[in-house]
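Visitor: What shape does this take:
(one chain, ligands or ions: 2)
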Amino acid sequence: MGSVNRTPQVVTIAGSDSGGGAGMQADLKTFQARHVFGMNIVVALTAQNTYGVQASLPIPTYFIDAQFQSLDADFAIKAAKTGMLADSEHVEAVVHNLQQVDFGPLIVDPVMVAKGGATLLEPEAVATIKSKLLPLADVVTPNLPEAEIIVGRPIKTNADTITAAQTIQQLGVKNVIIKGGHRSEDEQAADYILLEDGSSFWLSAPRIATANTHGTGDTFSACIAAELAKGQPLKSAIVTAKAFLQGAISQGIFVGHGHGPTNHWAKLSDKVRMSETR
Ligand SMILES: Nc1ncnc2c1ncn2[C@@H]1O[C@H](COP(=O)(O)OP(=O)(O)O)[C@@H](O)[C@H]1O
Ligand SMILES: Cc1ncc(COP(=O)(O)O)c(N)n1
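Guide: Ligands and ions are numbered 1, 2, ... in the order given. As a prediction, this is how the structure comes out:
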């Protein structure tokens, strides 16, 4: 059947956000906006809104296996991303399944704590992510607090960011992106990218003063996966993701009463700048 499986297909392996702004809902909205066919493997459910996470429920791991098997039996998946993985048992289940399938390049967003403060990954699972999941990853996208936990030291300066990326690369992941969204004192939201070939660069865009940043990290990694599935080289996939985020944060939509989501209908921003140094 020559005509099937020509549409780029992408899967998110993540937690569900009932509020629709983060987690796999942000991923699926991003996939739709970037014109790829999105699928999902649910690892955990959350009862969540723009105020925070009210409850969460990991899915039994046999059901994670079942979802992997259903997708693998039918689709030609060209890129995958992970998000909320809950705990060590669920990280192990995802790793085990990823070893059985070929879903293309893997983007690991090492989600640990929601912006509202809720735990999305039990602290004991960080070691499992480091030793078992990161070696399978083509790209890892920690924010600054996640990168600090992975390397086990504070990241205060640009030089600290660069050495942290090198340390993370040594864990066996080819390409590392340390996102600078949390450095709120910076006028620019600057992300540092260290690629497999040893080259590196910063991607910056003007920091937007807004409370609507729920799901930014999910959206960013989902956009990279979407662009890779369409065949874009990694470097331009990352630049597109940054431009998508800048648009989605600056051209806000307003729902809920707390930290609102971003706008997945927004146009790509032209405010992203790439530089060798900061
Ligand atoms: N206020 C902001 N203005 C502009 N860009 C932002 C802002 N907050 C985050 N970003 C960008 O959004 C992307 C996601 O980063 P971040 O918010 O740090 O991720 P996470 O959701 O994992 O904490 C990065 O490219 C970051 O630079
Ligand atoms: C199910 C799920 N996955 C990921 C996030 C992280 O998003 P954020 O850090 O923007 O709150 C979240 N809040 N919920």
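Visitor: residues touching the closest residue to Glu276 other than its chain neighbours, list them.
Guide: Spatial nearest neighbour of Glu276, excluding adjacent residues (Cβ to Cβ, 6 or more residues apart in numbering): Phe201 at 5.9 Å. For glycine as for every other residue, the C-beta is placed from the backbone atoms N, C-alpha and C. Phe201 makes contact with Tyr192, Ile193, Met274, Ser275, Glu276, according to Cβ atoms under 8 Å, 6 or more residues apart in numbering.
Visitor: Of these, keep whichever come out buried.
Guide: When neighbours are counted using 16 or more other Cβ atoms under 10 Å, the contacts of Phe201 contain these buried positions: Tyr192, Ile193.
Visitor: circling back to that earlier point, mind checking how far the residue nearest to Glu276 is from Pro105?
Guide: 19 Å (Cβ to Cβ, to the nearest Å).
Visitor: Could you do Pro154 as well?
Guide: 31 Å.
Visitor: ok, now Met39?
Guide: When Met39 is compared with Pro105 (using Cβ to Cβ), they lie 15 Å apart.
Visitor: Pick out whichever of those two has more residues nearby.
Guide: With neighbours defined as other Cβ atoms under 10 Å, Met39 and Pro105 compare such that Met39 has more, 22 against 19.
Visitor: is the more buried one in a bridge, and if so with what?
Guide: Beta-bridge pairing for Met39 (DSSP bridges): Val11.
Visitor: That one and Val11 touch, don't they?
Guide: Yes: Met39 is within contact range of Val11, at 4.5 Å (criterion: Cβ atoms under 8 Å).
Visitor: Identify the contacts common to the two.
Guide: With Cβ under 8 Å, 6+ apart, Met39 and Val11 have common neighbours Leu71, Phe75, Ile77.
Visitor: among those, which are in reach of ligand 1?
Guide: When contact is defined as Cβ under 6 Å from any ligand atom, these do not meet ligand 1 at all.
Visitor: From those, which land in strands?
Guide: Ile77 (DSSP state E).
Visitor: from the shared contacts of Met39 and Val11, which single one is nearest ligand 2?
Guide: Nearest to ligand 2 out of the shared contacts of Met39 and Val11 is Leu71 (Cβ to the nearest ligand atom; 19.3 Å).
Visitor: sorry, back to before: list the ones among the contacts of Phe201 that fall in strands.
Guide: Tyr192, Ile193, Met274, Ser275.
Visitor: Is it possible to get CSV of these that adds distance to Glu227 and pLDDT?
Guide: As requested, these are exported to CSV (distance: Cβ to Cβ, whole Å; pLDDT from 0 to 100):
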residue, distance to Glu227, pLDDT
Tyr192, 19, 98
Ile193, 14, 98
Met274, 16, 97
Ser275, 21, 96
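Visitor: got TSV for those, with distance to Arg183 too?
Guide: Shown next, in TSV, are the ones in strands among the contacts of Phe201 (distance: Cβ to Cβ, whole Å):
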residue	distance to Arg183
Tyr192	11
Ile193	16
Met274	18
Ser275	16
